[in-house]
Each structure stands twice: as structure tokens, then as C-alpha cells.
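**Q** Predicted model, plus sequence, below.
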Amino acid sequence: MFPVKELKRSALTSLWFAFLTFPIMVVKVDPIERVVSWRWDNMFFIAFGSFVFSILAKVFIIQKERRASKKKQKTISEPLVQRIVREPRFLYPLALACFIFGISFPFLFSTYQTNIMTTALMYVVLGLGLNIVVGVAGLLDLGYVAFYAVGAYSYALLNYNFDMGFWTVLPIGGLLAALLGIILGFPVLRLRGDYLAIVTLGFGEIIRLVLENWNDFSQGPSGIANIPRPSFFGMDMTFAGGITYIYYIILVLVVLTIFVVNRLQNSRLGRAWLALREDEIACEAMGIDKTKTKLIAFSLGAFWAGFVGVIFAAKTTFVNPASFTFLESAIILSIVVLGGMGSIIGVVIGALILILLPEYLRALSEYRMLAFGAILVVMMVFKPGGIISNVRRNYKFKGLSVVEGKNNE
Amino acid sequence: MDYFIELLFAGLTRGSIYALIALGYTMVYGIIGLINFAHGEIYMIGAFTSFIVATVLSIYGFPLLAIVIIAAVAAAVWSSAYGFTVEKLAYRPLRKAPRLAPLISAIGMSIFLQNYVLLAQTSDFLPFPELIPEFAFMEPVAHIVGSSDMVILVTTAIVMIALTCLIKFTKIGKAMRATAQDKTMAVLVGVNVDRVISATFIIGSALAAIGGLLIASHIGQINFYIGFLAGIKAFTAAVLGGIGSIPGAVLGSLVLGLTESFATGYISSDYEDVFAFSLLVLILIFKPSGLLGKTETKKV
Amino acid sequence: MQSGLKKKLLVAAVSLGFAMAAPVAGMAADTIKLGVAGAQSGDLASYGLPTVKAAELVVAMYNAKGGINGKMIELLIEDDVCKPEVATNTATKLVTDGVHVVLGHICSGATKAALPIYKEAGVVVMSPSATNPDLTQSGDYPNFFRTIASDDAQAQTEVDFAINVIGAKKIAVIHDKGDYGKGLAEFAKKFIQESGKAEVVLFEGVTPGAVDYTAIVQKIKRKGADAVIFGGYHPEASKIVSMMKKKRLKITFISDDGVKDDTFIKVAGKNAEGVYASGPNDNSANPLSTAAIDAHKKEYNEDPGAFFENAYSAALALLNAIEKAGSTDMADIVKALQTETVATPVGNIHFDTRGDAVGVGFAMYVVKDGAYVEVK
């Protein structure tokens, strides 16, 4: 059943890993006491572990191939989730179920769970916002966190200096972020692909550094503390009540975002973004104003980030520049790509997985981030299009037997 | 004037450090168009391997020269092995995937490698043995340019020339250029693209390892997190110079190093990174493919 | 086909429900729960992990004696990566898990974000390393205590030393742009200017983790400073010190508690000689301190890391307060902390009404022959 050749291969793989990990895993030196400890048992574990893993992987691949060859005759089927979304019969009950689950969440679970869920939902909105920029319009933005920071600091600073309330600042934060998006967007949007990526990364860092260094403006690295939570018609709330309240605010925002983004994607503007992503030159030839269309995508994405930023400041009641590092941008980007670029449900699922995973991986304690990194790689290798790859709406001509529409990215 | 020269050399050293890492970035990008975020981690692993080997050897009483050579070779070998493995596991299966998938895979790999070293070794900072001694003949100018600065500058120059020659004149270099230009066409003319890409990763990683050894020896300390910032800066430098171009990576690194150094010297180190990134933005606005990058004209 | 789809959905929904519900189930055992929160991964892990080890040692010691008043002590260890937003999750998790007292957090920013949550839940928090003055001086956090002196006290010690003992006239104040380092540096700058005896010739931050600090060292030289006061942690300090040596700049280097750490001497090696750092009073004569360090060496086969003694003392102080108070009520513990003096590796301490430890004296140290020696 399992070919001997593969066994030999796995043995070679395990030898390779034993060699590869030798200096880091086996040798440990203490440069002060000048002693070397040789941890040979680690080498054994690595060799054994990689042997087992490579066999498992091989079995997995063989089975996948077998299944694929069986399936060959059939037409390419849409992913499960896509089918659900297409069928209103499933979609509406499912959406309703999700909504009821969302509403009742704080009553079903502990405050801690609600708090975590709030964080996850914040990232859902961030992911959806970035999805407009990266997934739909195809502009790789590695500095998305800058807009998030603008939102958070607008609430912190406006509250600190002018005593403005949460609800007043919520739209202001979003607008300020969008404005910044336009200001930054003008010079950089003519750059292509990865050049745009590094410039946005640079902008993200610049914003953070300014917040860090300009003490008179932002109180520098020590940050701003005691930011009030949102008030509910002037009532003061307990800690648990406050968390539940913010949870509902973000839940409403998630629903709103999904609605808006969904409408946008099928609008004239959304089509223009998709077209721009596929081919800029052809797009311009069709009479689409490239700069304007890109700028709108950029500033709309920024707007959502600013929104969530305000909520972030209200939730943690404390902001400092350390929360807005490049790693944060990378995580939001991972959400978009992992979930499936351009797909709303994909992004929602991606955010829930990526943000909840490290929390529930806490059981693994120090191996948590190791597992997180490994999972990112494995997910990408086995599902490069994301968990739910977006299928473009296509129209079939039913009269003739035509080949079904292809999956697009 | 003295101050100017001091800052000039400070900038050149810093630039050369970036260059040693940036070369690997630019090679990989040039060939498969991937921002290899794990490259900073490969540099870190190179530094760690040389740290372990050098310390073990010095405990067993080897002479300094032998330590330097063995540590450098070991670092290069193992870093290359890591680079090769990372490419095979995390990037090769994604070669036909959407453009951003390998990028996320690279970010995941970077997080994984960082934590792997953290767990297998330590979270503490460790003293890196001084592998570059203070040369007596450098003493008169040591306050401007020290021995380790000198070694770094010279190594970067040698590496750049050697790399340029490799790519210009050797068979593998030709194959690399062919692959970079058009993968499908390269396959048709008999280039083993897989092997060329592996070779690129191996060479890039070996360079990063040498960089790791020199830099760690220069700053005298090491920890699992050193790859992250160095990687981002080196990547910035590579883009500044025109990503995909070897001389571009070195030029970009030097420009970046000098900017940071002069900004610190004449203005304030509070904003050195702000100046560095602003410079990047400015240059890219006026030269969208970097200093030495080729301007792509896209045909319809 | 369609029923298959429904089935799949059902399975997915059920398993999702289980996955969510599983971590909620808590333990009802009658134990005293000591939370330990701080950076245990990421770039600041080396400051958080020693605290975990200190807590493990103290708890093992207490449990070996049969716990407190017949109750065993249980450790709840949570990672906050030193990020404020994660710290609020960490704090909520600890509170939800029914923690009684918390040892942590490590960074001032994360502590500030987490404290309101603990305050609401009536949990006493003691940090081994959060030095931001606001934490105790603002009066906002009655549940907060610490076994380390605040930034301003430390900066004052450093500035007095630089001006009165070293006789520095031109001082360069450098920091690492972090909340700890920059806060301290700002106090140092303020105190120097107020003293009128010396001037600040340079006030700048360096980027932590940068590959090279030559430029800033050349600038210090250019400004003609005769002393450097550095606010920040030991990795940057050792890089600056070695770079100063390499560039033949021989001026006094004075730093803080983040540098008064044996790792600094290990990493900087010869270059550490002659560096001054402020830190808690010399404890090497204190048998408790040596016992703690020996226990660490025995258990983990290595020397303890940053803030180990502060964390060990904090754990002792917390558990002692619970023991003396005979309850885990916040008011009782606070009272016990303020009235009961406890013998710890950092000295015999109790706490003032603001939460700062009384009895943790401050002293200046100098590196001599590879060890910190108190300057008399």
C-alpha cells in the first residue's frame, strides 16, 4: 500500500531535518560559564517527528490526488460556502442564525469571551476595510495600521483636550483617517505593486514614529490613559456592562460594514476596482479615471480603519504607539489573504480564526506563536486562494452547452 | 569637516550592513517576485549559528583565525540549508498561487523561525564573541573608522563584485537572468528553473549568514529578534535601489545608511527613520522603480 | 446532495459551539489563584519570563510548606506581549478565571491598560517592573503596588550622582524611545535643568534594535558631553557602550535599573567596566536574595534574568499579605500590604498609601571586575 520508495524518502527527509536543526536545537552554549550542553534527545525528537510528518503529508497528498482523479470527470464544483451564499434558501436562515448567535453571545458566554469576541469583530471590520484596498482594488497596502492609529488617537486626543464624547468622535475619526488616506494616496498611487507596498509600509512607520517622538502632541511612548468608554445615554456602566455595550456597537458596525461592502462590490465603482486590479491599461482605455477610482478605494479603506480605531481606544481605554506596529498591518493583511481575497465571508472567517486562534492557543503557552506561524504557512500551502476563494459572479447562457465559468483567483 | 567624515563613515558602515542583507532580498525578488519576509530570520539564524559555533570552538581553545573561518563556513552552510528548506516547504508549492499567498506564507515562516530560535535557544541577549580583532594599524583612525567597520566595508565591496561577476559571467548566473526575465521561456531553452531558484535562495542565504556573523560581531550581541528590524530596513534599501538589481541594492543601502547617519548627526536621531522612509517615498515618486531599477513599460 | 450539505452545516455549527464553550469551564477547586501577566513572547519576552520563573519558585516554596492557611496556590500565567490591547484581554481572562492577586504586568503601558479592569474586579496588582510615576502618583489605581522605584525617584538619583559625584557639566541624555526609557530621560532632563549646575547638551532617542549606533556616538562626542545619562534597557546600553569604546570616546556612562542587570555585564563584557547604573540597594549580603538566586540556578540551570528579584519579592509580598490578612479580599490585602513588613530579597519592605514600596532603597552601582559594586 505505502511504497517503500516513499519510506526511504521520509527517512532522508528526517535525516535532513536532523542536520538542519542541529546547531540550534542540539547545541546550547553558555558564553559566560563557558560550558556547552549537547541536547541529543532533541535531535532524536526532530528526526522522529519529521519522519512521521513527512509520511503523513505523503499519505495526505496521495489521497488528495486519488480524489482529484476520481473527480476529474465531474464539472468543477463551487466551494461549499459559495453554494450556500448563492442559495437564498440557505443564506437567509444561516444569516439569521449567525445574527441571533451574535446578539445572544454576551448572555451565553463569560465577559472574557465577549471581550475576545469584540476584538475579533474589530478585526473583521479592519479586514473588510483592507479588503476593499487589497482584495478588490488590488493595491497592496502594508501600512494600513496608520489609519487605525489615526482613529484611535483622534478619540484619545479630542477627548483629552476638548472633552469630546465617543459618539461625536466616531465619525470624525473615520473622516480624519479617510482624509489622511487621500493625502497619502495622491503621491503614492501611481506606484505599482510592491513599490506601493513598501511606501505604504514606510508611511505606517512614519505615523507611528511621529506619535512616539512628538511628545507635546501625543504624549509620546507613555501614551494616553483613562480614555472613557462610550456612555449609554449618560449612564455609567459596570465593567462587564461596558464590555457588552462595546460588543454590541462593534456588532452593529460589522453588519453595517458587510452591507456597505457588499453593495459596493456589485456597484459601478466595485466593478471599476475589479477591472483596475486585473488590467490598468485596459481599464483606462475603457474610460475609467484611474487615480480617482484608486483614491476612493484607498480612502474608503482608511475610513473603516479610523472607525475601528476610535472603538479600539474606547475599548482598551489606553493608547500608545506600541499598538500600531508593522506586525499589526501584517496580521490584518493575513486576515484578508487567508480568508480569501475579495470574499466577504472569507474575510469574516479569516479574522475570526486569526484573532481567536492565538487566544485559544494560550493553552499551548510558549508554543503559541510557533504554532501560529506554522498554521499560516500550512494554510497558505494547502489553500493558497484563501479559505473561501471568491468566485466572480458569472452569467450563463443556458441555451447551449457551454463550459462552466472558471474560478477566478 | 571631521564631524562630516565621521558621519560619512558611520553611514557607510550602516549602509554596508544593510547591503549584506539587502542583496538576498533583491536576488529572490528579482527571480520570483516575492518579498521574502523570512530573509531577516535567515540572517538571524546565520548569526546564531556562527555564535554557537564560534563559542563552542573558543571553549575548546581553537585559534581565532580558525574560529572565524569555521564559524563563517558553518553559518553559510546552515543558513543556506534553511533558505533552501524554507523555499521548498513554504514557497515552491505556491509558485502558481495568487500573488499575495507566498507573501503571507513568508510572514508565517518569519514568525515561526523567530519563535523556533526563541524556544530552542533563549529569549535573552547573548554576548557575541569578538571575531574581528582591533588591528594595530587602524589605531590612528579608530575614532573615525574602526577595524570592524573596515572589515564590513571591504566584505560588502568584495561580495558585490563577486556577485555581479557570478551573474554576468557564469552559467548559473546566465540561467538566473533567464529565469528572472521569463520563466516559461527559460524552461523551453533547457534551464532547470527549480534548481535555479534553489540556487538563488542558497546564495542569498549564505550572504545573509556572512552578514549575520559580521554584524553580530560588530555590535557584540545577539538575540532571536535581531532579524526583524534589520530585514525591514534592508528590504527598504533594496526597493530604494531598484529591487531586482544587484548594484541597486548596494547603492540603495548606502544611500539609506548615509541618510540615517546624517539625519542623526545634523538633525536628530529621534526622526532618523522618518527621514529614511521619507527619502524612500520621495525617490519612488520621482523614479517609480528605484534608483537603478529598470522602468517597466507594460504593453497591452 | 442537499441533505449532505445540511449535515455538514450542522456538524460545523455544533463543533463551533463546542470550541467556544470548552474554555469557559473553570475550576472550582479551593485554591488561591496568583495570576502572572507580562510579556512571555515577542521582543520583550526576556523581561517577562524571569517573573514567571520567580513566581513558580515562590509558589513551589509555599506549596511545599502546605500552602497558605491550608489552601494551595495555583498559578495562572498569561502572556500580554507588553501590548496594551492584549493586556486588557489578559486581564479580563484572569479576572474571569477568578484570580485573587496578580503579579504583573511588566511594561508600564500594558499595566495602565489592564489596571482599570483589575480595579473593577477588586484584584490587587503588584508589578516588579512598571516604573511609570503616574501609576502610583495619579491616585487612579488604589489596587496597584510595585517593588521597584518610580522613574522620577530613579532619575533624581542619577542626576544627583552625575552632578555632585562625577561633577559633570555637560550631560547628554539619551533614551530608547520606549515608555520606560523616554519617561526616565525626560525626568533626568528636567532635574538637570532645575539644578542649574549642568546643562543638557543633547536629548535624543535611539531606535532599539538598530544595527549600528555609530552616528549617535559621534554626535555625543561632537557636543562635548562629559557624561551620558541613558534611559532604557541593557541591549541598547551595551551597544552604545561598546560603540563608545570603539570610537575612543571616554566619558562617564550613567544608566538606570533596566541596565543594572547582570545580563548587561555579560553582553557588554569588558566594555561594561566603569558604567554606572542606579538600582535597588545591594542585596548580595541578603541571605534571601542569594537563596532565591540559588533556587533559580538549581531549578532552571541558569542565572535569573531581568527583574527577577523584584518579581520574587513581589510574589512574596503578595502571598504574605494574603496569609496575614487571612482573606483574599482587596481591602484586607491592601491593608496587610501597608502594615505588615515582609522580608524579601530586595529588603524588608511594606508599601505606602500610593503603592510604592518603602524600604527599597536606591543606590548607584559601578561595574568593577565584571560585577556591579555599590558606590559608597
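**A** On my side now, so go ahead. Please read these numbers as outputs of a predicted model, since none were measured by experiment. Numbering: from 1, shown residues only, chains lettered A, B, ... in the order given.

**Q** In a helix, residue B:289, correct?
**A** No: per DSSP: H, G, I helix; E, B strand; the rest coil, residue B:289 lies outside any helix segment and is coil.

**Q** Provide the count of other residues in contact range of it.
**A** 19 (other Cβ atoms under 10 Å in any protein chain shown). Any C-beta I mention is one placed from the backbone N, CA and C, and that applies to glycine too.

**Q** Now do it against residue B:241, distance only.
**A** Counting by Cβ to Cβ, to the nearest Å, the gap from residue B:289 to residue B:241 is 10 Å.

**Q** just residue C:46 next, same as before
**A** Noted for residue C:46: a distance of 34 Å to residue B:241, by Cβ to Cβ.

**Q** Neighbour count: these two, which is higher?
**A** More crowded of residue C:46 and residue B:241, by other Cβ under 10 Å: residue B:241, with 28 against 24.

**Q** who's in contact with the residue nearest to the more buried one when sequence neighbours are not counted?
**A** Counting by Cβ to Cβ, 6 or more residues apart in numbering or on different chains, residue B:252 is the residue found nearest to residue B:241 once chain neighbours are left out, at 2.5 Å. When contacts are counted by Cβ atoms under 8 Å, 6 or more residues apart in numbering or on different chains, residue B:252 is found next to B:22, B:236-242, B:290-292.

**Q** go on, residue C:67?
**A** C:31-32, C:73.

**Q** partner residues bridging residue B:222?
**A** residue B:126 (DSSP bridges).

**Q** Closest to the centroid, which residue in chain A?
**A** residue A:335 (2.0 Å; Cα atoms, centre = their mean).

**Q** Would you pull up how far the helix or strand encompassing it lies from the middle of the chain?
**A** Using DSSP states H and E, residue A:335 sits within helix A:326-339. How far helix A:326-339 lies from its chain's middle: 4 Å, per Cα atoms, centre = their mean, to the nearest Å.

**Q** Is chain B within reach of that helix?
**A** Yes: in terms of Cβ under 8 Å from any Cβ of the partner chain, part of helix A:326-339 sits within range of chain B, namely A:326, A:330, A:333-334, A:337-338.

**Q** what's that helix packed up against?
**A** helix A:111-130, helix A:145-162, helix A:193-213, helix A:344-360, helix A:368-382, helix B:100-120 (3 or more Cβ pairs under 8 Å, 6 or more residues apart in numbering or on different chains; DSSP states H and E).

**Q** Now do it: everything it contacts.
**A** Counting by Cβ under 8 Å, 6+ apart, residues outside helix A:326-339 touching it are A:123, A:126-127, A:130-131, A:134-135, A:141-145, A:148, A:201, A:204-205, A:345-351, A:353-355, A:376, A:379-380, A:386-388, B:100-101, B:103-104, B:107-108, B:232.

**Q** Counting neighbours, what do you get for residue B:266?
**A** Considering only other Cβ under 10 Å, residue B:266 is surrounded by 12 other residues.

**Q** Likewise for residue A:382?
**A** Residue A:382 has 12 nearby residues by other Cβ under 10 Å.

**Q** dump the residue contacts of the one residue in the stretch 151-300 of chain B that gets nearest to chain A.
**A** Of all residues in the stretch 151-300 of chain B, the one sitting closest to chain A is residue B:277 (3.4 Å; Cβ to the nearest Cβ). Taking Cβ under 8 Å, 6+ apart, we find residue B:277 in contact with A:202-203, A:205-206, B:236.

**Q** Mind checking if the strand or helix carrying residue A:250 is in reach of chain C?
**A** Counting by DSSP H and E, the element that carries residue A:250 is helix A:239-265. Yes: against chain C, helix A:239-265 shows contacts by Cβ under 8 Å from any Cβ at A:239, A:243.

**Q** mean confidence score for that helix?
**A** For helix A:239-265, the mean per-residue pLDDT is 86.

**Q** now stretch B:5-15
**A** Mean predicted lDDT for stretch B:5-15 stands at 91.

**Q** What is the neighbour count of residue C:140?
**A** 15.

**Q** Doesn't it lie inside a strand?
**A** No: note on residue C:140: no strand contains this position according to three-state DSSP, which reports coil.

**Q** That one touches residue A:226, doesn't it?
**A** Yes: with contact defined as Cβ atoms under 8 Å, residue C:140 counts as touching residue A:226 (6.6 Å).

**Q** what stretches of the stretch 251-400 of chain A score poorly on pLDDT?
**A** A:362-366, A:389-400 (pLDDT under 70).

**Q** sorry, back to before: want to throw the residues of helix A:326-339 next to chain B into a markdown table with distance to residue B:281?
**A** A markdown table is the format used below for the residues of helix A:326-339 next to chain B (distance: Cβ to Cβ, whole Å):
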| residue | distance to residue B:281 |
| --- | --- |
| A:326 | 16 |
| A:330 | 20 |
| A:333 | 20 |
| A:334 | 25 |
| A:337 | 25 |
| A:338 | 29 |
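
**Q** Now do the helix holding residue A:335 and helix B:100-120, the angle between them.
**A** 130 degrees (axes from the mean of the first three to the mean of the last three Cα atoms, to 10 degrees).

**Q** relative to helix A:111-130, how tilted is helix A:326-339?
**A** 80 degrees.

**Q** still on that earlier bit, out of the helices and strands packed on helix A:326-339, which is closest to residue A:295?
**A** Relative to residue A:295, the nearest member of these by Cβ to Cβ is helix A:193-213, separated by 13.0 Å.

**Q** Tell me the buried residues in the helix or strand that that closest one is followed by?
**A** For helix A:193-213, the following helix or strand on the C-terminal side (DSSP H and E) is helix A:215-218. For helix A:215-218, burial by neighbour count (16 or more other Cβ atoms under 10 Å in any protein chain shown) applies to residue A:218.

**Q** got it, and stretch C:320-332?
**A** C:320-325, C:328, C:330, C:332.

**Q** residues contacting residue B:212?
**A** Residue B:212 neighbours (Cβ under 8 Å, 6+ apart): B:43-50, B:75, B:79.

**Q** Reformat those as a markdown table; add neighbour count, pLDDT and secondary structure.
**A** Output for these, formatted as a markdown table (neighbours: other Cβ atoms under 10 Å in any protein chain shown; pLDDT from 0 to 100; DSSP: H, G, I helix; E, B strand; the rest coil):
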| residue | neighbour count | pLDDT | secondary structure |
| --- | --- | --- | --- |
| B:43 | 30 | 94 | helix |
| B:44 | 29 | 94 | helix |
| B:45 | 30 | 94 | helix |
| B:46 | 33 | 94 | helix |
| B:47 | 30 | 93 | helix |
| B:48 | 28 | 93 | helix |
| B:49 | 27 | 94 | helix |
| B:50 | 33 | 94 | helix |
| B:75 | 31 | 95 | helix |
| B:79 | 32 | 95 | helix |
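
**Q** Show me the subset of the residues you listed that also lies near chain C.
**A** Okay, of the contacts of residue B:212, nothing touches chain C (Cβ under 8 Å from any Cβ).

**Q** what's the closest of those residues to chain A?
**A** residue B:49 (4.8 Å).

**Q** any idea how far the closest one is from chain C?
**A** 18 Å (Cβ to the nearest Cβ, to the nearest Å).

**Q** Spell out which residues of the stretch 101-250 of chain B are next to chain C.
**A** B:115, B:118, B:122-127, B:142-144, B:146, B:148-149, B:215, B:218-221, B:223, B:225-226, B:228-230, B:233.
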